[in-house]
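>>> what follows is a predicted protein model with its sequence.
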Amino acid sequence: MKQWSFPTVSPAAAAAAAVFFLSAAAVAAVVEHTFVVSQMNMTHLCKETPVAVVNGQLPGPVIEVTEGDSVVVHVVNKSPYNITIHWHGVKLRLNCWADGVPMITQCPILPNNNFTYRFTVAEQEGTLFWHAHVAALRGTLHGALIIRPRHSYPFPKPHKEIPIIIGDWWQIVTN
């Protein structure tokens, strides 16, 4: 019967490997948000209009992460609409079913229901955005998604950053 043998590793090499893997795991974070989607009245073109918003704000919350972080977004749908959230430009490796395309990659989140999105931002950085993947709601359900580099910027750090999000308003009633 053949006997298997495993290579031996010096204690110094084992310690170095442990420090490497533990420090890499300690750097990545879990960034968690709760998006409460509801409807509120806003004035648009001199007319009060019901509008779907996230957490009572338009545009919605900014998600700020560092490359390698895990993102968890709990969506609570208190609106009268079926919704999904699309993470525009995010490479959703190994979890493309959370891409927010209704009836293709996921079922819509029905009114008075919840859904939790979970994904890791890997090998990319920059300013992207998230939005509802329902045509009539894209103009109000959206926000910035900022992925900062894991290491330093290749330029001096800016004094201040202000994300600018542009959304479309339509003259049609969405309800």
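Good, I have the coordinates.

>>> what ranges do the helices span in this protein?
For the chain, the helices defined by DSSP state H cover 11-27.

>>> show me where pLDDT drops low in it?
For the chain, the stretches with pLDDT under 70 are 1-26, 96-97, 100, 102-103, 135, 138, 169-175.

>>> pull the longest strand from it.
Across the chain, the longest stretch assigned as strand under DSSP state E is strand 30-44.

>>> Y117 touches I63, doesn't it?
No. Y117 is beyond contact range of I63, at 10.6 Å (criterion: C-beta atoms under 8 Å). Just so you know, the C-beta spots here come from the backbone N, C-alpha and C atoms, and that holds for glycine as well.

>>> next, the closest residue to A28 other than its chain neighbours: phi, psi?
Excluding the flanking residues, the one nearest A28 by C-beta to C-beta, 6 or more residues apart in numbering is G68, at 4.6 Å. Dihedral pair for G68: phi 100, psi -20, per degrees, to the nearest 10.

>>> burial measure for A52, as a count.
A52 is flanked by 24 other residues according to other C-beta atoms under 10 Å.

>>> ok, the one 5 residues further on next?
Here the number of neighbours of Q57 (other C-beta under 10 Å) works out to 10.

>>> report the beta-bridge partners for it.
Q57 has these beta-bridge partners by DSSP bridges: V54.

>>> likewise H131?
With DSSP bridges as the rule, H131 is bridged to H86, H142.

>>> my read: it touches L141, true?
Yes. H131 sits in contact with L141 when judged by C-beta under 8 Å, with a separation of 6.2 Å.

>>> which of the two has more neighbours?
L141 (28 against 23).

>>> number of residues surrounding the closest residue in space to the more buried one that isn't next to it in sequence?
Excluding the flanking residues, the one nearest L141 by C-beta to C-beta, 6+ apart is A132, at 3.6 Å. Using other C-beta under 10 Å, the number of residues around A132 comes to 24.
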